[in-house]
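*Asks:* here is a sequence with its predicted model. Questions after.
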Amino acid sequence: MTRNDTTSFNETTPREKEESLTITQSISLVLYCVIFLVGTTGNGLVIYVTGFKMKTTVKSVWFLNLALADFIYTLFLIFNIISLPLNNKWLFGDFMCKLNSLVQVSTMFASIFLLTAISLDRCLSVFLVIWAHSKRTPKTARYVCIFVWLLSLGCSIPFVITRSVVNNKCVKASDPLTNRTHVWFRFVVGFVIPFIVITCCYVAIGVRASQKRRKKTLRPYIVILTIILTFFICWLPLQICDLIMRDQYYIYYHVSQELYNSSLYNMAHSASTVAVAFTFLNSSLNPFLYMFICEEFKQRLRRSVFLVLEHAFAEEHLFPSSHQPASSHLGQNKVPLESHPFIFAVCANN
């Protein structure tokens with residue numbers, strides 16, 4: 001997850017070379033700062049639009065929760081920004097060490113589980129039209145989201161209970177076998193299984209669309225597919241680096257030191273710092289995917305921001321008068337989702 005989190009990058013083997021991290025740490029620190037500012041701002045705006053400017057629908061519930069997970073994930077990046085220049089020295093105590101791990105791991109699981117739920121939702125909407133029309137409600141979507149968050153918290157518990165501050169660093173205080181088990185659990189449950197489910201869903205949707213010769217029906221899924229592909233592309237490097245590191249760590253202590261590949265371990269260890277930055281980059285990219293793929297969402301968002309600024313700097317707020325331009329009133333009705341492309345007016349069928 002983060003460099004101080006599930007990957008346990010602070011742990012060292014007898015052959016690890018700290019100097020190999022200098023350049024990647026510098027690059028990562030710059031990326032962390034940019035991603036923190038862009039991710040929190042972008043996802044904050046998405047939460048504002050989906051939570052306060054859109055009519056509540058199944059789709060808005062999905063993406064409000066997805067944006068919330070991304071926002072929390074990037075918000076906790078501040079701990080990496082502070083710790084990285086100090087050679088990952090942890091200054092915030094044991095409780096915050098565990099809390100940071102809980103937040104980072106649970107939001108990762110929440111993001112992928114939500115993407116899986118969205119894919120299943122779209123698939124059911126295509127194959128079970130009548131059922132979906134009567135059963136797909138915002139209330140049901142909320143219950144599913146609650147279940148997803150609880151499941152994500154449950155999946156993160158093994159990573160949290162072994163996390164503690166050792167030698168002023170927030171690391172996993174567990175044996176190599178336990179670390180290896182946790183990493184493979186995260187890889188299978190948080191990457192492989194969701195990838196298989198999501199792939200099957202969209203292959204089925206594509207087959208159904210081709211059978212009906214309705215090419216336009218594929219267009220609504222561009223946003224979702226782009227978000228999902230971005231997620232897997234951004235998370236794959238860290239998954240690979242982490243698997244290599246944990247396996248080599250396990251080999252060194254439980255199999256044979258002769259089979260331990262120090263070059264492979266150090267290469268994965270160095271690359272992992274930048275790989276972590278890619279996971280945060282994913283969370284900051286989603287708002288821009290919504291805007292660039294859906295032009296109308298960009299216009300709605302720009303209009304909302306303009307109204308806020310206009311209201312804040314309106315002359316009547318500085319010099320009260322009886323005349324108030326209609327454009328300065330913010331008590332407008334919520335923008336119905338049907339006219340809002342951020343997810344599905346253009347990008348998905350209801």
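*Replies:* Cool, got the structure. Numbering: from 1, shown residues only.
*Asks:* in a helix, Gln257, correct?
*Replies:* No. With DSSP: H, G, I helix; E, B strand; the rest coil as the criterion, Gln257 is located in coil rather than a helix.
*Asks:* what's the burial count for it?
*Replies:* Other residues within reach of Gln257, judged by other CB atoms under 10 Å, total 12. Placement of C-beta: from N, CA and C, glycine included.
*Asks:* quick check: phi and psi on it?
*Replies:* phi -70, psi -20 (degrees, to the nearest 10).
*Asks:* same deal with Thr162?
*Replies:* Residue torsions, per degrees, to the nearest 10, at Thr162 are phi -100, psi 0.
*Asks:* mean confidence for the host helix or strand of Thr41?
*Replies:* If you go by DSSP states H and E, Thr41 is part of helix 22-48. Averaging pLDDT along helix 22-48 gives 85.
*Asks:* buried set for that helix?
*Replies:* Neighbour-count burial for helix 22-48, counted by 16 or more other CB atoms under 10 Å, picks out 24-25, 28-29, 31-32, 35-36, 38-40, 42-48.
*Asks:* distance from the chain centre to the next helix or strand after that helix, please.
*Replies:* With elements assigned by DSSP H and E, the helix or strand that comes after helix 22-48 is helix 58-75. Put simply, helix 58-75 sits 8 Å off its chain's centre (CA atoms, centre = their mean, to the nearest Å).
*Asks:* which elements pack onto helix 58-75?
*Replies:* With contacts defined as 3 or more CB pairs under 8 Å, 6 or more residues apart in numbering; DSSP states H and E, helix 58-75 has these neighbours: helix 22-48, helix 93-127, helix 138-161, helix 262-293.
*Asks:* tell me the helix or strand right after that helix.
*Replies:* Immediately after helix 58-75, counting by DSSP H and E, sits helix 77-83.
*Asks:* buried ones in that following helix?
*Replies:* Leu77, Phe79, Asn80, Ser83.
*Asks:* can you tell me the closest non-neighbouring residue to the second one?
*Replies:* This means Phe79. Asn100 (5.4 Å; CB to CB, 6 or more residues apart in numbering).
*Asks:* ok, that neighbour - how many residues close by?
*Replies:* By other CB under 10 Å, 24 other residues sit near Asn100.
*Asks:* phi, psi of Lys55?
*Replies:* phi -70, psi 140.
*Asks:* try Val165
*Replies:* The phi/psi pair for Val165 (degrees, to the nearest 10) is phi -90, psi 120.
*Asks:* would you format the helices and strands packed on helix 58-75 as TSV with distance to Ile224 included?
*Replies:* Below are those laid out as TSV (distance: least, CB to CB, whole Å):
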stretch	distance to Ile224
helix 22-48	15
helix 93-127	6
helix 138-161	15
helix 262-293	10
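*Asks:* looking at the ones you listed, which has the lowest confidence?
*Replies:* Lowest mean pLDDT within those: helix 262-293, at a mean of 78.
*Asks:* list the buried residues in that helix.
*Replies:* 265-266, 268-287, 290-291, 293.
*Asks:* again, but for stretch 55-71
*Replies:* For stretch 55-71, using 16+ other CB under 10 Å, the buried residues are 56-71.
*Asks:* which one among those residues gets closest to Val148?
*Replies:* Val148 has its nearest neighbour among the buried residues of stretch 55-71 in Asn65, at 7.4 Å by CB to CB.
*Asks:* count of neighbours near the residue nearest to the closest one when sequence neighbours are not counted?
*Replies:* Of all residues not flanking Asn65 in the chain, Cys145 sits nearest, at 4.6 Å (CB to CB, 6+ apart). With neighbours defined by other CB under 10 Å, the count for Cys145 comes to 21.
*Asks:* now stretch 50-62, how far from the centre of its chain.
*Replies:* So, by CA atoms, centre = their mean, the centroid of stretch 50-62 is 19 Å from its chain's centroid.
*Asks:* sorry, wrong one. I was asking about stretch 28-46.
*Replies:* For stretch 28-46, the distance to the chain centre is 12 Å (CA atoms, centre = their mean).
*Asks:* same deal with stretch 235-248?
*Replies:* Using CA atoms, centre = their mean, the offset of stretch 235-248 from its chain centre is 18 Å.
*Asks:* low pLDDT regions in the stretch 201-350 of the chain?
*Replies:* Counting by pLDDT under 70, the ranges of the stretch 201-350 of the chain that qualify are 213-221, 223, 290-350.
*Asks:* can you give me the strands for it?
*Replies:* For the stretch 201-350 of the chain, applying DSSP state E, counting those that start in this stretch gives no strands.
*Asks:* helices along that one, start to end?
*Replies:* Ranges of helices in the stretch 201-350 of the chain, per DSSP state H, counting those that start in this stretch, are 222-250, 262-293, 295-312, 315-318.
*Asks:* thinking again about what came up before, ok, so of the buried residues of stretch 55-71, who is nearest Val189?
*Replies:* Ala69 (16.3 Å).
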